[in-house]
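Asks: here is a sequence with its predicted model. Questions after.
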Protein chains: 2
Amino acid sequence: MKIKVLHQIMEWNEDVSASVRQTLDAHNVYMINIMGSPGAGKTSLITGLIGRLGSRFNIGVIEGDIAGQIDAQKIAALNIPAVQLNTDGACHIEAMSIEKILPEFDLDHLDVIFVENIGNLVCPAEFDIGEHLRITILSIPEGDDKVEKYPLMFTETGCLVLNKYDMLPYFDFNETRVAQNYETVNPSAPLFKVSCRSGSGLEQLCAFLTGKITGRRP
Amino acid sequence: MKIKVLHQIMEWNEDVSASVRQTLDAHNVYMINIMGSPGAGKTSLITGLIGRLGSRFNIGVIEGDIAGQIDAQKIAALNIPAVQLNTDGACHIEAMSIEKILPEFDLDHLDVIFVENIGNLVCPAEFDIGEHLRITILSIPEGDDKVEKYPLMFTETGCLVLNKYDMLPYFDFNETRVAQNYETVNPSAPLFKVSCRSGSGLEQLCAFLTGKITGRRP
């Protein structure tokens, strides 16, 4: 599919995230903000979710990147409507950009929008972009100390996806440390152990997301 | 060793980085700013370099983290003077904080200061903290598209360290893609393939750094 490329608006307005959510709610569209380090597997997670949820829900994707459109091309190749948001250097997505992008989609015929945020375990967590749910991805190779070192990203999320779980034998990664630290800062949110490459664990995550998406419908 | 913990100063002053460099030069101290994604291996690189350069140079370390002092504890366990800089949420280190920290070291008896920046492939690249050299670390599990997606971090560095190179067989990572993209944006800076875990490749990096450190002495 053809990819529309938009650029980030940096003007900040705290009412905008609420306005974005109102627009989405008016069209019954559920927006999921996916965050994590560079290379944690955000795009792979989105393509894996499209493969499993795409028969039930109409999905659109907003791909945030500082530069380029590598990820949007991967999504468009799946025949899914994708908009590339280039932040031109900025380290996170803001609600103003989402507000500008939404008219690019046919919201009446969408159920879900995945937003892939900039690869960054710090700044994106500070910005409500109008999403209904946040997913934080942490991958095994990043190490087991990340909840302690980047707490906000784990405190503010609706669930934690522990990706590249098939790589566990090759890295010195203490799962218990992560699970305990995560439970301490975010006791009510679930943790899913997945491999986006093999697909393991994605069914459980899809069940959780399906419940969230359908649970709030009128 | 006892760890001093300081907090980030957010006031910005573009003269401060030059002032930091002057102070370091007056004491003949070479400062290296180490940057990369969360979990790329910054602390492991520093401990590996301490093991190989510590007999020739007196080394100090500034550990930047949003919260906690996990990494500074690892450095102090090596009996190396370490100062923990907590940015309290901020996504990068600024020169003002370095200026405040330098008096914590006995600069007359130091040759090298390693600064471990916040784990972030975006924002730290925008800030001159008074360093003489930048090292960007990219690890194999992060994927081979990072130079294209986060260009500034690779354009502004003095060398690129491709870490977790021993993991290459387990990931779909095209070395040539990274090398070519890196050469395009930064043709004069070398690339080192290392495994901080096994130590492979660190000798070549140490030879490069030794040349840099000694090359500028009076």
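Replies: Cool, got the structure. Quantities reported herein were computed from a predicted structural model and do not represent experimental measurements.
Asks: which SS class is the residue most central in space within chain A?
Replies: For chain A, A:Ile34 is the residue whose C-alpha lies nearest the centre (CA atoms, centre = their mean; 1.3 Å). Taking DSSP: H, G, I helix; E, B strand; the rest coil as the rule, one finds A:Ile34 in the strand state.
Asks: A:Leu45 is in contact with that one, correct?
Replies: Yes: between A:Ile34 and A:Leu45 there is a contact under CB atoms under 8 Å: 6.5 Å. Bear in mind the C-beta positions are built from the backbone N, C-alpha and C, glycine included.
Asks: where does chain A have low pLDDT?
Replies: A:1-2, A:6-13, A:217-218 (pLDDT under 70).
Asks: who's the residue nearest to the centre of chain A bridged to?
Replies: According to DSSP bridges, the residues that bridge with A:Ile34 are A:Glu116, A:Ile135.
Asks: mutual contacts of A:Ile34 and A:Leu45, please.
Replies: Both A:Ile34 and A:Leu45 are contacted by A:135, A:137, under the criterion CB atoms under 8 Å, 6 or more residues apart in numbering or on different chains.
Asks: which positions in stretch A:149-162 come out as buried?
Replies: A:149-154, A:156-162 (16 or more other CB atoms under 10 Å in any protein chain shown).
Asks: my bad, should have said stretch A:100-118
Replies: So, applying 16+ other CB under 10 Å, buried residues of stretch A:100-118: A:100-102, A:105, A:107, A:110-118.
Asks: ok, those residues vs chain B, which is closest?
Replies: Chain B has its nearest neighbour among the buried residues of stretch A:100-118 in A:Ile118, at 6.7 Å by CB to the nearest CB.
Asks: which elements pack onto the longest helix along chain A?
Replies: Secondary structure of chain A read by DSSP state H shows that its longest helix is helix A:202-215. Under the contact criterion of 3 or more CB pairs under 8 Å, 6 or more residues apart in numbering or on different chains; DSSP states H and E, helix A:202-215 touches strand A:30-36, helix A:42-53, strand A:159-163, strand A:191-193.
Asks: and A:Met31, what does it touch?
Replies: Here A:Met31 is in contact with A:20-21, A:24, A:98, A:112-115, A:129-133 (criterion: CB under 8 Å, 6+ apart).
Asks: any idea how far it is from chain B?
Replies: 23 Å (CB to the nearest CB, to the nearest Å).
Asks: rewinding a little: which of the contacts of A:Met31 fall in strands?
Replies: A:112-115, A:133 (DSSP state E).
Asks: reformat those as a markdown table; add distance to B:Leu49.
Replies: Formatted as a markdown table, the ones in strands among the contacts of A:Met31 follow (distance: CB to CB, whole Å):
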| residue | distance to B:Leu49 |
| --- | --- |
| A:Val112 | 46 |
| A:Ile113 | 45 |
| A:Phe114 | 40 |
| A:Val115 | 39 |
| A:Leu133 | 42 |
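Asks: quick one: contacts for A:Val122?
Replies: A:91, A:150, A:152-153, B:66, B:89, B:91, B:118-120, B:123.
Asks: what does chain A put close to chain B?
Replies: Taking CB under 8 Å from any CB of the partner chain as the contact definition, chain A meets chain B at A:37-39, A:65-68, A:70, A:89, A:91, A:118-123, A:126, A:139, A:141-143, A:145-146, A:148-152, A:164, A:167, A:170.
Asks: and A:Glu175, how many residues sit next to it?
Replies: Residues lying near A:Glu175 (other CB atoms under 10 Å in any protein chain shown) number 14.
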